[in-house]
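Participant: Structure, please.
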Amino acid sequence: MSIFIMFGKYSPEAIQKISKERTLKVLEIVKKQGGEVKSMYALMGAYDLIMVANFETMKEALRASVAITRATGISFSTLPAMPVEEFDALVDKN
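Facilitator: Numbering: from 1, shown residues only. I've put the predicted structure just below:
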């Protein structure tokens, strides 16, 4: 599975609907799209949320991101990520 970092930003309407039930719905959407949420955090700053999730493919991550936005009004910027050790091994010239 590949790692994806999902940065979320609340719309004014989405802020009004913050709830534990909606969080559970997000977890359900990710699972339905073939993913697994590893962790979620609320943020202060440019983004309101960060979610670390595993998906088999970029297509699954994209589908989940769009489905969550449609269901919650939270817009996501979804980025692929890799462990630094894996990155180092890929770019090591030795």
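Participant: Can you give the distance of the helix or strand containing Phe4 from its chain's centre?
Facilitator: Assigned by DSSP states H and E, Phe4 belongs to strand 2-10. For strand 2-10, the gap between its own C-alpha mean and the chain's C-alpha mean amounts to 3 Å (CA atoms, centre = their mean, to the nearest Å).
Participant: and if you look at stretch 56-70?
Facilitator: For stretch 56-70, the distance to the chain centre is 9 Å (CA atoms, centre = their mean).
Participant: Just the buried residues of it, please?
Facilitator: 60-61, 63-65, 68-69 (16 or more other CB atoms under 10 Å). Using the backbone N, CA and C atoms, a C-beta is placed for each residue, glycine as well.
Participant: ok so, going back, adjacent strands (with direction) for the strand holding Phe4?
Facilitator: Strand 2-10 has the following strand partners under DSSP bridges: strand 49-55 (antiparallel), strand 74-81 (antiparallel).
Participant: now the ones you listed in CSV, with mean neighbour count?
Facilitator: Putting the strands paired with strand 2-10 into CSV (neighbours: other CB atoms under 10 Å) gives the following:
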stretch, mean neighbour count
strand 49-55, 19
strand 74-81, 16
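Participant: Minimum distance to Ile15: which of these has it?
Facilitator: Among these, the nearest to Ile15 by CB to CB is strand 74-81 (9.4 Å).
Participant: Mind listing residues that contact the closest one?
Facilitator: For strand 74-81, contacts defined as CB atoms under 8 Å, 6 or more residues apart in numbering pick out 2-11, 14, 47-49, 51-52, 58, 61-62, 64-65, 68-69.
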